[in-house]
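Undergrad: Got a predicted model here, sequence first, then my questions.
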Amino acid sequence: MTQFSSSNQSTGLIDGITQAAEHAQASAQAFAQHTQAEAASTLLTLIHDVGPKLNRMADQLGSLSHQGAKSVASGSRYLSDHAHHAADSTVGYIRKEPATAVLLAAGVGALLVAAWVAVTRARSSR
């Protein structure tokens, strides 16, 4: 082999490698662009499909929140009405039966004191 033919072979080999590298780079760029376009398309489809569903969910949550607030207000009103009724009934009973009311109050007080003493003794004995 002569130096000229080995130089031609080297140049041919280098040219082939260069072309292969350029082709690989072009293929990689085309693949990246295709993948990016596919990802963008998928994202747009997802936004298109999910957006209305998220809006419906937000509306439903708002409705549930409103219903919950109404239920709490109604329950509060119910408890307030019953508490007033119980207070009125208690006052009425005390006016009709003052001696019995005092004895009942003393008995309930004694039970509460006994329960308190029992609980504090149980805690202190631990």
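TA: Structure's in. What do you need?
Undergrad: Going along the chain from the helix or strand that contains R77, find the next helix or strand for me.
TA: Using DSSP states H and E, the element containing R77 is helix 3-96. Note on helix 3-96: by DSSP H and E, the next helix or strand toward the C-terminus is helix 98-124.
Undergrad: Quick one: low-confidence residue ranges for this structure.
TA: Scanning the chain for pLDDT under 70 picks out 1-9.
Undergrad: quick one: the residue nearest the centre of it from K53, how far?
TA: Nearest to the geometric centre of the chain sits L61, at 12.2 Å (CA atoms, centre = their mean). Using CB to CB, to the nearest Å, L61 is found at 13 Å from K53. From N, CA and C alone the C-beta is placed, and that goes for glycine too.
Undergrad: H84 - how many residues pack around it?
TA: Neighbours of H84 under the rule other CB atoms under 10 Å: 10.
Undergrad: mind checking how far it is from V91?
TA: 11 Å.
Undergrad: Please apply the same query to A83.
TA: Counting by CB to CB - A83 and V91 are separated by 13 Å.
Undergrad: T100 too?
TA: 14 Å.
Undergrad: That concludes my questions; thank you for your assistance.
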